[in-house]
Each structure stands twice: as structure tokens, then as C-alpha cells.
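> pasting the sequence and the predicted model now:
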Amino acid sequence: MTAFVADACAIIDFFTGNEAMGPTARRVIEDERSEIAVLATTVWEIAIKTAAGRLPEMVPPGQTLTAFLTRVGIRSVALTSRTAEAAAALPLHHRDPFDRALIAYALETRSTVLTSDAVFGRYGAAVVW
């Protein structure tokens with residue numbers, strides 16, 4: 001089975017019901033057999049945007065985003081020092097540090113990225129949207 005790693009747009013679009021989400025990515029997240037991970041840095045990115053009022057609340061009151069994602073079958077993974085260094089060494093096709101970390105993780109683990117960002121493919125990462 002293919003392992004997936006979700007970027008912020010995939011998590012946000014899925015849990016806010018955004019119709020712009022690609023049907024393939026939506027099916028992957030809906031399939032309870034899918035092995036989906038989210039980097040802790042992605043949780044941080046979503047939390048920053050939510051706290052700044054740029055996103056609606058996606059989780060039930062009194063629950064953390066991490067607990068919510070775990071409950072729906074998406075596991076959180078830490079950013080390791082090795083992955084952080086690999087992200088820093090990537091070519092500068094993408095300047096967003098959150099996305100660079102995600103790309104490095106996907107390449108390291110051979111995971112398919114759930115993202116609408118076409119730039120990920122320039123790194124050789126498998127992408128589904």
C-alpha cells in the first residue's frame with residue numbers, strides 16, 4: 001500500500017469541505033485503509049493560520065488538531081534533524097520552509113504527497129490531487 005503525507009492545503013481543504021480539493025486526494029483521505037501522515041510542522045502551519053484568523057476552526061471545541069487528526073486516522077510525525085537538513089539542501093524551486101520540509105520527508109520515506117502544489121513534482125516527489 002502506498003504511504004501518503006498530507007500538506008496543509010489537503011488537510012484544510014478536506015476538513016473545511018473546500019470543493020477545490022482534487023477528487024483523487026479526497027478519495028485517499030476518505031479511504032480508511034490509506035496510511036496518511038502529517039508532519040508536525042504542517043500542524044504548526046495550520047495552527048498559525050487558524051490563530052491568525054485566516055482559517056475557520058476545523059476541530060471540535062476542546063480538542064487539539066493533533067488529537068482530531070489521530071482520531072480520524074491521520075498520524076502525526078516529527079520533523080527529524082536529518083529531514084530538516086535534507087530540506088535545507090533542496091534546490092530552491094520552493095521557498096516555503098513548511099513545504100520544503102514536507103518534500104524532504106516525502107522523498108526520504110518514499111511517500112506520495114497530497115497537495116495541489118505542482119512545484120512538489122519538480123523535486124521528484126510523487127503527488128496526488
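Structure received.
> burial count for residue 27?
11 (other C-beta atoms under 10 Å). The C-beta positions use only the backbone N, C-alpha and C, and glycine is treated the same way.
> dump the residue contacts of it.
By C-beta atoms under 8 Å, 6 or more residues apart in numbering, the contact list for residue 27 is empty.
> 10 Å instead?
By C-beta atoms under 10 Å, 6 or more residues apart in numbering, residue 27 lies in contact with 34, 128.
> now do residue 112
Going by C-beta under 10 Å, 6+ apart, the list of residues near residue 112 reads 2-5, 25, 28, 34, 36, 106, 125-128.
> before we move on, what about residue 6?
12-14, 25, 28-29, 34, 36-39, 42, 69, 74, 102, 111, 113-115, 128.
> in the sheet, which residues pair with it? Tell me.
With DSSP bridges as the criterion, residue 6 is bridged to residue 114.
> and it, how far from residue 105?
Using C-beta to C-beta, to the nearest Å, residue 6 is found at 11 Å from residue 105.
> next: residue 85.
Using C-beta to C-beta, one gets 12 Å for the distance from residue 85 to residue 105.
> what does residue 39 give?
Taken as C-beta to C-beta, the span from residue 39 to residue 105 is 6 Å.
> got it, and residue 4?
11 Å.
> who touches both of the two?
The contact sets of residue 4 and residue 105 overlap at 37, 111, 113 (C-beta under 10 Å, 6+ apart).
> where does the first one sit: helix, strand or coil?
When classified by DSSP: H, G, I helix; E, B strand; the rest coil, residue 37 comes out as strand.
> which of residue 85 and residue 105 has more neighbours?
For residue 85 versus residue 105, neighbours defined as other C-beta under 10 Å are more numerous around residue 105 (25 against 10).
> apart from its neighbours in sequence, what residue is nearest that one?
Using C-beta to C-beta, 6 or more residues apart in numbering and skipping residues adjacent in sequence, the residue nearest residue 105 is residue 83, 5.2 Å away.
> can you tell me which of the contacts of residue 112 are buried?
Among those, those scoring as buried are 4-5, 25, 28, 34, 36, 106, 125, 127-128 (criterion: 16 or more other C-beta atoms under 10 Å).
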